[in-house]
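> Have a look at this fold, sequence not included:
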Ligand code: HEM
C-alpha cells in the first residue's frame with residue numbers, strides 16, 4: 001500500500017515545491033546537461049559544451065513552468081526568447097527522443113522525488129515541450145510567435161493522499 005508523504009496536506013503544493021524547488025531543479029538539469037555533453041550529436045547543438053549560464057537560464061524556465069517564480073518572464077525575455085533559441089535547429093525525431101530520455105535518466109541521477117505523480121508531471125511537460133521544440137526548430141516552421149510561459153500542473157494525478 002502507498003503511504004502518504006504528509007499526513008495532513010491542506011493545500012496541493014506546486015510541482016516546483018514538491019520537487020524541491022530551484023536547488024533540486026538545478027541539480028537535475030546539471031546532471032542532464034552533463035549527459036548531453038557526453039552525447040556528441042546533442043552536444044554539437046550546444047557548441048560542444050553546455051555553459052553554466054545556459055544551465056541557469058533553463059533552470060529558471062523550468063522553475064517558472066512548474067509553478068515557481070515567474071523569473072524567466074520577468075528577466076529573460078519569456079516565451080519569445082526561448083522560441084528564438086530553438087528556431088532553425090532542425091531537431092530530428094531521434095535527437096528529441098534522446099533529449100527527453102536523458103531528462104528522465106537525469107531525474108534518477110539527481111535523486112529527484114521518485115513518486116509516480118511527480119515524475120509523470122515532470123515528464124509530461126518534457127514530452128510536450130520537446131515535441132514543440134522539435135516542430136518549432138524546423139526550417140520554415142509555422143510557429144506561435146507570442147504566448148505566455150506555460151504553467152504546468154499535476155494533471156489527473158496530484159500527490160497521493162489516502
Ligand atoms: C521541454 C523541452 C525544452 C525546454 C523546456 C527547453 C528550454 C530551453 C530554453 C529556456 C532555452 C533558452 C535558454 C536561455 O534563455 O538562454 C533553450 C535553448 C536551447 N535549447 Fe532547448 N528546450 C527544450 C527542448 C530542446 C530540445 C529537444 C533540444 C534539442 C534536441 C533543445 C536544444 C536547445 C539548444 C541547442 C538551445 C541553445 C541554442 C542557442 O544557444 O542559441 N532544446 N532551451
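Received, thanks. No experiment lies behind these values; they were computed from the predicted model shown.
> Can you give me the buried ones in the helix or strand containing residue 96?
Element membership of residue 96 [criterion: DSSP states H and E] is helix 93-109. Neighbour-count burial for helix 93-109, counted by 16 or more other CB atoms under 10 Å, picks out 95-96, 98-100, 102-103, 106-107. For the C-beta atoms, the positions are set from N, CA and C on the backbone; glycine is no exception.
> Which ones, among these, also lie beside the ligand?
Counting by CB under 6 Å from any ligand atom, 95-96, 99 from those sit close to the ligand.
> How much space separates residue 47 from residue 59?
Residue 47 sits 19 Å away from residue 59 when distances are taken as CB to CB, to the nearest Å.
> who's more crowded, those two?
Using other CB atoms under 10 Å as the criterion, residue 47 and residue 59 rank with residue 59 on top: 22 against 9.
> Isn't the more buried one up against residue 29?
Yes: judged on CB atoms under 8 Å, residue 59 makes contact with residue 29 at a distance of 5.2 Å.
> contacting residues for the residue of the chain found nearest the ligand?
With CB to the nearest ligand atom, the shortest gap between the chain and the ligand falls at residue 129, namely 2.5 Å. Shown in contact with residue 129 (CB atoms under 8 Å, 6 or more residues apart in numbering): 65, 150.
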